[in-house]
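Participant: sequence and predicted model, in that order:
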Amino acid sequence: MIDPSITYFPVGNGDTSLIQLSNESTILIDCNITNDSRDENEESVYDVHEYLLSNLKKDDNNIPFVDVFILTHPDEDHCRGFSETFYTGDPSKYSETDKKNGLIRIDELWFTPRIFSPHEKDMCDTAKAIRKEAERRKKVYLDKKTEKTPGNRIRIIGDSDKSDLEGLDEIITIPGNSINFVNGNVLKDFSFFVHAPFKKDTDSKWGERNDTSVVLQARFDIDGEKNAALAFFGGDSEYEIWDEILQRSDDENTLKWDIFMAPHHCSWTFFNETPQEDNNKPCKSAIDLLNKKRDGAKIVASCNPIKDDDINPPHFAAKEEYVKIVGAENFFVTSEYPPGSKSPLPLTFIMTKNGPREKTTSRSQPNIYRSAIRKISGTPRTYG
């Protein structure tokens, strides 16, 4: 058993986050792994691929694997580098060349129904590669004679009236439900509550891909403490989606959070559908949702350094609003972590009975935290 954690990687305006569970299962949410990050002489970027190879488990054949890869939505800054990092195709055909290239097997692939939409013709090549792999796994699942082995498993997050999902009911999780079934295992101390995407956005011909982002609340039970740590992931979901989440949620517990990843790389679109220069007041629902925070809450912006300029994302005014909620000491920018460093490092939080606790890392040390870390001092907290 290990101490569960979440690691947020410095990948510029993009997302790559790794959840490690107590049973050593790993869940990677999105990837934005650039070619220059693989260059050992490039100190300004972090080698996420090497980190994964150093920290992920390997099977009996010494093949590295991640239990689950979740694609929140098929935009390039959420799947860049996928083909160079992960193995696709029949897992039984994984070769020595694949191993030499450090390709990581994905035991279970999670994605939204949107990836099958016929009007998604402007997807980047990497997203098309993921769609091809999703189609392959879907066919494996529908073949009743084929064993659903690691490397072939899939789960669909969201709902749709399209015919693409026929026969897949058992592996579909729709918004308003929780799931604790990961790569063939039922977890007793972890689950996701699924908030989005909504069917109307998934099936809309004119809907934006950002509006079909997977939105999840990750729930960790620690040492008998239910929901000891709660973390939100929302891809590039914008104001309207979060407003609907707030309106639909009839259980306050599904909205609480200890760590909130700023949607769309700290964009103003979380606070208002109108550009900030035209309306600098955040909508009430955005502030109401942020105020579901608990004591010691933290906000993580996975983005480039935030400057006082007109760029969006990241947006300086959005940062200021987030800081009002959690304080400057609890607002983290992945590309500026640790503060003052020219070489960004992963930002890791250990999930403890008293909530998440920041743990610094170095380029030379593997990010594996075992039971001794739980001795980190902490004081009981109350709901905020």
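Facilitator: Structure received.
Participant: give me the distance between the residue lying closest to Phe9 once chain neighbours are set aside and Asp309.
Facilitator: Closest residue to Phe9 apart from its sequence neighbours, by C-beta to C-beta, 6 or more residues apart in numbering: Thr16 at 4.3 Å. The way it works is simple: take the backbone N, C-alpha and C, and place the C-beta from them, glycine included. To Asp309, Thr16 is 25 Å away according to C-beta to C-beta, to the nearest Å.
Participant: between these two, which one's more packed in?
Facilitator: Neighbour count, other C-beta atoms under 10 Å: between Thr16 and Asp309, Thr16 has more, with 29 against 9.
Participant: so what's the backbone phi/psi at that one?
Facilitator: Reported as degrees, to the nearest 10, the phi and psi values for Thr16 are phi -150, psi 110.
Participant: from memory it sits against Val48, does it?
Facilitator: Yes: counting by C-beta atoms under 8 Å, Val48 is a contact partner of Thr16 at 5.7 Å.
Participant: now for these two: what residues contact both?
Facilitator: Phe9, Cys31, Ile33 (C-beta atoms under 8 Å, 6 or more residues apart in numbering).
Participant: what's the pLDDT at Ala372?
Facilitator: Ala372 carries a pLDDT value of 31.
Participant: list the buried residues of the helix ranked longest in the chain.
Facilitator: Identified as the longest helix of the chain according to DSSP state H is helix 125-142. Under the neighbour-count criterion of 16 or more other C-beta atoms under 10 Å, helix 125-142 has 126-131, 133-134, 136-138, 140-141 buried.
Participant: that helix packs against which elements?
Facilitator: strand 79-80, helix 82-85, strand 104-111, strand 153-157 (3 or more C-beta pairs under 8 Å, 6 or more residues apart in numbering; DSSP states H and E).
Participant: pick out the most distant pair among the buried residues of helix 125-142.
Facilitator: By the measure C-beta to C-beta, Thr126 and Tyr141 form the most distant pair in those, at 22.8 Å.
Participant: buried residues in the lowest-mean-pLDDT helix or strand in the chain?
Facilitator: The helix or strand with the lowest mean pLDDT-type score in the chain, counting by mean pLDDT, DSSP states H and E, is helix 199-202 (a mean of 88). Buried residues in helix 199-202, defined by neighbour count with 16+ other C-beta under 10 Å: Asp201, Thr202.
Participant: and the helix or strand following that helix with strand 104-111, angle?
Facilitator: Counting by DSSP states H and E, the next helix or strand C-terminal to helix 199-202 is strand 215-222. Calculated by axes from the mean of the first three to the mean of the last three C-alpha atoms, to 10 degrees, strand 215-222 forms an angle of 120 degrees with strand 104-111.
Participant: quick one: mean pLDDT for the strand or helix carrying His265?
Facilitator: According to DSSP H and E, His265 maps onto helix 263-266. Across helix 263-266, pLDDT averages out at 97.
Participant: again with stretch 307-319
Facilitator: For stretch 307-319, the mean per-residue pLDDT is 92.
Participant: ditto for stretch 225-235
Facilitator: Stretch 225-235 carries an average pLDDT of 97.
Participant: so how far is it off the chain centroid?
Facilitator: Centroid separation for stretch 225-235 versus its chain: 12 Å, with C-alpha atoms, centre = their mean, to the nearest Å.
Participant: spell out the residue ranges of the helices in the stretch 251-384 of the chain.
Facilitator: Assigned by DSSP state H, counting those that start in this stretch, the stretch 251-384 of the chain shows helices spanning 263-266, 284-290, 316-326.
Participant: can you name every helix or strand that the last one contacts?
Facilitator: Counting by 3+ C-beta pairs under 8 Å, 6+ apart, the packing neighbours recorded for helix 316-326 are helix 263-266, helix 284-290, strand 293-301, strand 331-333.
Participant: can you list the residues that contact the shortest one?
Facilitator: Under the criterion C-beta under 8 Å, 6+ apart, residues 8, 266, 298-301, 303, 305-306, 314, 319, 322-323, 347 lie in contact with strand 331-333.
Participant: what of the first one?
Facilitator: By C-beta under 8 Å, 6+ apart, the surrounding residues in contact with helix 263-266 are 13-15, 77, 210, 213, 234-238, 242, 269-270, 301-304, 306, 313-315, 318-319, 322, 333.
Participant: low-confidence ranges in the chain?
Facilitator: Within the chain, the ranges that satisfy pLDDT under 70 run 38-44, 118-119, 145, 361-384.
Participant: can I get the helices and strands packed on helix 316-326 in a markdown table including mean neighbour count and distance to Ala196?
Facilitator: Formatted as a markdown table, the helices and strands packed on helix 316-326 follow (neighbours: other C-beta atoms under 10 Å; distance: least, C-beta to C-beta, whole Å):
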| stretch | mean neighbour count | distance to Ala196 |
| --- | --- | --- |
| helix 263-266 | 28 | 11 |
| helix 284-290 | 16 | 13 |
| strand 293-301 | 21 | 19 |
| strand 331-333 | 22 | 24 |
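Participant: out of these, nearest to Lys256?
Facilitator: Nearest of the helices and strands packed on helix 316-326 (C-beta to C-beta): strand 293-301, 5.8 Å.
Participant: report the strands that pair with the closest one, each with its relative direction.
Facilitator: strand 257-261 (parallel), strand 331-333 (parallel) (DSSP bridges).
Participant: now distance to Thr112 too, for the ones you listed, in a markdown table please.
Facilitator: Shown next, in a markdown table, are the strands paired with strand 293-301 (distance: least, C-beta to C-beta, whole Å):
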| stretch | distance to Thr112 |
| --- | --- |
| strand 257-261 | 17 |
| strand 331-333 | 27 |
